[in-house]
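1. the sequence and its predicted three-dimensional model are supplied below.
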Amino acid sequence: MESILDKILTQKHGQEIRAFDPCGMVNNLLRQITEREQEVVRRRFGFGDSEQGETLEEIGARLEVTRERVRQITKSSLHHLSEIGDQDDELQRFLRVTEQLLGSYAGALSDEYFIEEILNFSGISTGSTARQRAERCLRFLLDEVLGEHIIHRPSDTVLKQVYSLPTANLDLLKK
């Protein structure tokens, strides 16, 4: 049985997302910033030795800087990665596919369903360590690098957590 994502995407877009490797994309982006920035981002978002992100204090202690300095490095690194992402052809192709998917559902999909569909369509096996790593990388790309284009909205009294387009009419979704 075909998934909804299979039905929605054109053959061209299907090939683009099947080739999508969220961890490879994160690694490619990180190679474009300084080693210090890479270390901070890897540690903060759980791309390093630990699968859990480290606190500002933990990173600061390791680098012998204040937690405020770690916060500043993180913020500037994410800004830089977002700018790089705006110029990255592979990431822009992925963005077009996700915008098409969200657009076909009034601009929003539940967090869990959206992530699962992208990972399932990408062919990353369920329940594996690679799947968990891929989900962390995918969430990082969506939340931190593409955050201006794809918005992660928290749950409220009516709606679950959703990923949405900036133009999505949430009042209409709530009705």
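-> All right, it came through fine.

2. only C-alpha atoms from now on, for both contacts and neighbour counts.
-> OK.

3. show the average pLDDT along stretch 119-127.
-> For stretch 119-127, mean pLDDT is 76.

4. straight-line length of it, end to end?
-> 11 Å (CA to CA, to the nearest Å).

5. quick check: buried residues in it?
-> Residues 119, 121-122, 124 are the ones in stretch 119-127 that count as buried (16 or more other CA atoms under 10 Å).

6. can you check stretch 80-94 too?
-> 80-82, 84-85, 91, 94.

7. now do stretch 38-51
-> Of the residues in stretch 38-51, those buried (16+ other CA under 10 Å) are 38-48.

8. now for the buried residues of stretch 80-94: which two are most distant?
-> 80 and 94 (18.9 Å; CA to CA).

9. and the helices in the protein?
-> Ranges of helices in the chain, per DSSP state H, are 4-8, 11-18, 22-30, 35-44, 56-63, 67-87, 89-103, 111-122, 129-140, 170-174.

10. tell me the residue furthest from the middle of this structure?
-> residue 64 (29.2 Å; CA atoms, centre = their mean).

11. quick check: the gap between it and residue 57.
-> On the measure of CA to CA, residue 64 and residue 57 end up 10 Å apart.

12. again, but for residue 143
-> Counting by CA to CA - residue 143 and residue 57 are separated by 22 Å.

13. likewise for residue 119?
-> 32 Å.

14. give me the low-pLDDT residue ranges for this protein?
-> 1-19, 48-50 (pLDDT under 70).

15. isn't residue 133 up against residue 26?
-> No - between residue 133 and residue 26 there is no contact under CA atoms under 8 Å: 11.0 Å.

16. so between those two, which is more surrounded?
-> Taking other CA atoms under 10 Å, residue 133 and residue 26 do not tie; residue 26 has more neighbours (21 against 16).

17. cross-check the contact I'm expecting between the more buried one and residue 136.
-> No - applying CA under 8 Å as the test, residue 26 and residue 136 come out as separate, 10.1 Å apart.
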